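1. Dropping a prediction and its sequence here:
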Amino acid sequence: MKQNFLLTPFSLLMNLFIVLSFLLARKAICIHPQFLACNPRTCGDGQNITFPFYIQGQQEPFCGYPGFFLSCNHNGHPILKLRDNEYVIRHISYKTQTVRVSNAAVFDTATTCIPPFRSTSLPEDRFKLSSNQTGLFFLYECNSTLLGNRNSELNKYKVDCLIETGTGPTLSMFEDDPLLGYASVVCENKVKVAVDVHGGNSTDGLDRMLERGFVLNWIASNCSICENSGGKCGFDDATYHFKCFCPDRPHTSNCITGEFSFLSIFY
């Protein structure tokens, strides 16, 4: 008696292989271009850059959130521009939605002295200072004569190695210092920068503190639901809404169940 070949275990495996090969080939052909475009990138320092950030020139704007564009400097570090300042990104935590940044001027290799700064100014619809960050004032062009009236108290605040921005000494003081009010009277200009005094050693000097930078919380759509469903996060400028780019097409928040979710295990 002849056995039906189509019912043998070998034939069943072959049929399954043919079906899977067809589905995979179909999927490869039909993968949505926005899903393919939004792979993580790096400037060269090993940090993955992905939503809500995107690197101009390397990633499409729809792969990130408005106002979160980055560039890469000549040392291969990602640069975030906020208002009039540029910041080197030291570390990104996508889980806690925080980013540690340092003012790019600190890393100018042309000098070992502390450069002049502009005040830290944040677009508050996108970034906020994380908890435990402190304000540090630089007071420029201080009056040497008036400063001498209380020289014994204010002398310890003088910044010895500084790129000069004008006449007179420069002071650095924390925002809660009781002498800040008097120092503001005897100095012509002041700027306020953010620092993380709790993130290092108590013996760290001013230069080390500035290199360490400070931590920001970002405000953008949460990406975890989309990522956990196998999608890649992005943004639709036309509708000004978050999008979850899935292998088949963009979705509102997460990838739907079905053929592409099943096949996503192969990617």
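-> That came through fine. Numbers count the residues shown, from 1 in each chain.

2. pLDDT weak spots in this protein?
-> Along the chain, the model assigns pLDDT under 70 to residues 1-29, 109-112, 148-152, 162-166, 200-203, 257-267.

3. where exactly do the helices run in the protein?
-> 9-30, 33-37, 144-148, 151-154, 180-186, 206-212, 224-228, 259-263 (DSSP state H).

4. Check the offset of the fifth one from the chain's centre.
-> Using C-alpha atoms, centre = their mean, to the nearest Å, the distance from the centre of helix 180-186 to the centre of the chain it belongs to is 35 Å.

5. Please identify the buried residues of stretch 234-244?
-> If you call a residue buried by 16 or more other C-beta atoms under 10 Å, then stretch 234-244 has these buried ones: 234-235, 242-244. Placement of C-beta: from N, CA and C, glycine included.

6. CA atoms only for it - export them in PDB, please.
-> The C-alpha coordinates for stretch 234-244 follow below in PDB (Å, rounded to 0.1, in the frame of the first residue of the first chain):
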ATOM      1  CA  GLY A 234       9.300  58.300  16.000                       C
ATOM      2  CA  PHE A 235       7.200  61.400  15.400                       C
ATOM      3  CA  ASP A 236       4.800  62.500  12.700                       C
ATOM      4  CA  ASP A 237       5.300  66.200  11.900                       C
ATOM      5  CA  ALA A 238       2.200  66.400   9.800                       C
ATOM      6  CA  THR A 239      -0.100  65.400  12.700                       C
ATOM      7  CA  TYR A 240       2.400  66.500  15.400                       C
ATOM      8  CA  HIS A 241       1.900  63.200  17.200                       C
ATOM      9  CA  PHE A 242       4.000  60.300  18.400                       C
ATOM     10  CA  LYS A 243       4.200  57.300  16.000                       C
ATOM     11  CA  CYS A 244       5.300  53.700  16.500                       C
END
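
7. quick one on the thing from earlier: can you redo the buried residues of stretch 234-244 as CSV, where the extra columns are distance to residue 160?
-> As requested, the buried residues of stretch 234-244 are arranged in CSV below (distance: C-beta to C-beta, whole Å):
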residue, distance to residue 160
234, 49
235, 47
242, 50
243, 53
244, 54
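
8. show me the contacts for residue 99.
-> Neighbouring residues of residue 99 by C-beta atoms under 8 Å, 6 or more residues apart in numbering: 80, 89, 91-93, 215-216, 218.

9. In JSON lines, list those residues along with neighbour count.
-> Output for the contacts of residue 99, formatted as JSON lines (neighbours: other C-beta atoms under 10 Å):
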{"residue": "80", "neighbour count": "22"}
{"residue": "89", "neighbour count": "21"}
{"residue": "91", "neighbour count": "11"}
{"residue": "92", "neighbour count": "20"}
{"residue": "93", "neighbour count": "10"}
{"residue": "215", "neighbour count": "22"}
{"residue": "216", "neighbour count": "24"}
{"residue": "218", "neighbour count": "19"}
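
10. Of these, just say which sits nearest to residue 127.
-> residue 216 (4.7 Å; C-beta to C-beta).

11. Would you check how far apart the closest one and residue 126 are?
-> 9 Å (C-beta to C-beta, to the nearest Å).

12. still on that earlier bit, which of the contacts of residue 99 lies closest to residue 66?
-> Once C-beta to C-beta is applied, the member of the contacts of residue 99 that ends up nearest residue 66 is residue 218, at 12.0 Å.

13. Now do the contacts for the closest one.
-> Shown in contact with residue 218 (C-beta under 8 Å, 6+ apart): 52, 68, 97-99, 126-127.
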